[in-house]
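**Q** Generate coordinates for the sequence data below:
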Amino acid sequence: MTNASLALNPYITLTTFAIPRGAKYPILFLGLLLYLFCILCNATLLTVIVLHRNLHKPVYFILFSLPLNDLMGITAMLPKVLSGLFAEENRISYPLCVLQAFALHLYGGGILFILAAMSFDRYVAICMPLRYGLIMTPKTVVCVVALAWSLDFALVALLFSLQTGLPRCRSVIANVFCDNPSLLKLMCGDTSVNNAVGLFNTAVVQASSVSVQVFSYVKILITCLGMRRTDAKRKAVNTCVAQLLILIIFEIVGTFTILSHRFQNVSGDLQKVMGVLIFLISPLLNPLVYGLYTSEIRNTLLRALKHRIFV
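**A** Sure, this is the predicted structure:
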């Protein structure tokens, strides 16, 4: 297909899963249930934090960004993937493809930056409890959240701005959704700079976010080992286990997905499934972990439900 024909027909064709026709409807049903469950849980977490003053604290202000990021990620990915199961030709306009890729990359970096901000808050709360109020002031919290979002947006914007000058000469993406590597494969110009910037962005996001979290949790562990009160030690550890769980699972799936594209013998469908899982893990687990595992949020939600039921 020539550049001229692409200009007249600005659509991108996405591949889909090799699924038997009889299995498509059950998968669609389960996918819709999963999507609605994630929307309901994350929206509930947002509502509880907003409406209850006892949750208007620095840690929950930072946590508020997590379901927002999750809702953006799963909405940008899952509806299009599910609709593609039944499309005779799974197509998407090029501008929407770029927008989807931008949102998904923003989501991926956002998870790591927000978890880093939350780990820093827990480090100050557990390791420097007497100075917590002086350090985590409303101004500081706003700056931390703004830094996480703005740095994430700047890195993604830089990555995608480099594509504007490249000519597009292909129209088929071997994936169920659009992302930057897939978009680069559509270009027929030199993409070495784009690849270098992509690796740089990945290194910056991983190095900065993971180093902050490793530093915070090592300090927390050392502090917990020196605590004499068993209940205080247990509470401090429980506070951090949830965040570590999300981080470890996200990193394992993400690493496997990246490595799977480096080996030719890995099934294409397996690569697609792992790619989709990256955008399902956080929206599915975060509201459950923070809603059920965090006692203050859990107790607030239970009180609100009891009030609705019995009043």
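**Q** Excluding covalently adjacent residues, which one is nearest to Leu184?
**A** Thr191 (4.8 Å; CB to CB, 6 or more residues apart in numbering). The way it works is simple: take the backbone N, C-alpha and C, and place the C-beta from them, glycine included.
**Q** isn't that neighbour right next to Leu166, touching?
**A** Yes. The pair Thr191 and Leu166 qualifies as a contact (CB atoms under 8 Å) at a distance of 6.8 Å.
**Q** gap between the residue nearest to Leu184 and Thr255?
**A** Thr191 sits 23 Å away from Thr255, going by CB to CB, to the nearest Å.
**Q** try Ala207
**A** For Ala207, the distance to Thr255 - CB to CB - is 15 Å.
**Q** cool, and Ile12?
**A** Taken as CB to CB, the span from Ile12 to Thr255 is 27 Å.
**Q** For these two, indicate the residue with more neighbours.
**A** Each of Ile12 and Thr255 has its neighbours counted (other CB atoms under 10 Å); Ile12 has more, 24 against 10.
**Q** my read: the more buried one touches Glu89, true?
**A** No. Ile12 is beyond contact range of Glu89, at 10.9 Å (criterion: CB under 8 Å).
**Q** next SSE after the strand or helix carrying Ser150?
**A** Element membership for Ser150 (DSSP states H and E) is helix 138-161. Sequence order places strand 172-173 as the next helix or strand after helix 138-161, per DSSP H and E.
**Q** now that next one, how far from the chain's geometric center?
**A** On the basis of CA atoms, centre = their mean, to the nearest Å, strand 172-173 sits 24 Å off its chain's mean C-alpha point.
**Q** Can you list the strands that that strand pairs with?
**A** Paired strands of strand 172-173, with direction, are strand 11-14 (parallel) (DSSP bridges).
**Q** Quick one: residues in contact with the strand it pairs with.
**A** With contact meaning CB atoms under 8 Å, 6 or more residues apart in numbering, strand 11-14 is reached by 80, 84, 89-94, 97, 171-173, 175-178, 186.
**Q** Would you mind writing the ChimeraX command to select the buried ones in those residues?
**A** A single ChimeraX command selects the buried members of the contacts of strand 11-14 (16 or more other CB atoms under 10 Å):
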select :80,84,90,92,94,97,171,173,175,176,177,178,186
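**Q** in the chain, which segments are predicted with low confidence?
**A** Within the chain, the stretches with pLDDT under 70 are 1-9, 88, 229-233, 235-239, 258-268, 292-293, 307-311.
**Q** need the helices for it, in chain order.
**A** Secondary structure of the chain (DSSP state H): helices at 3-8, 21-51, 58-63, 65-84, 94-127, 132-135, 138-161, 180-184, 192-225, 230-260, 268-288, 295-310.
**Q** For the fifth one, list every residue counted as buried.
**A** It stands for helix 94-127. Across helix 94-127, burial judged by 16+ other CB under 10 Å covers 94, 97-98, 100-127.
**Q** now the shortest one
**A** For helix 132-135, the neighbour count (16+ other CB under 10 Å) marks Tyr132 as buried.
**Q** Can you list the helices and strands that that helix packs against?
**A** helix 94-127 (3 or more CB pairs under 8 Å, 6 or more residues apart in numbering; DSSP states H and E).
**Q** and the angle for the helix it packs on with helix 268-288?
**A** 50 degrees (axes from the mean of the first three to the mean of the last three CA atoms, to 10 degrees).
**Q** mind checking how far helix 94-127 is from the chain centre?
**A** 6 Å.
**Q** what's the angle between that helix and helix 138-161?
**A** 150 degrees.
**Q** residue contacts, Ala101?
**A** Counting by CB under 8 Å, 6+ apart, Ala101 makes contact with Phe160, Phe177, Cys178, Asp179, Asn180, Ser182, Leu183.
**Q** which residue sits closest to it, ignoring its sequence neighbours?
**A** Nearest one to Ala101, counting by CB to CB, 6+ apart, is Cys178 at 4.3 Å.
**Q** Surely that neighbour is in contact with Tyr94?
**A** No. The pair Cys178 and Tyr94 fails to qualify as a contact (CB under 8 Å) at a distance of 9.2 Å.
**Q** how many other residues sit next to Val300?
**A** You called it Val, but residue 300 is Thr. Neighbour tally, Thr300, other CB under 10 Å: 20.
**Q** Please disregard the earlier target; I meant Thr191.
**A** Thr191 - counted by other CB under 10 Å - has 18 other residues nearby.
**Q** likewise the one 4 residues further on?
**A** A count of neighbours around Asn195, defined by other CB under 10 Å, yields 14.
**Q** Over to the one 10 residues further on?
**A** Residue crowding around Val205 was assessed by other CB under 10 Å; the count is 22.
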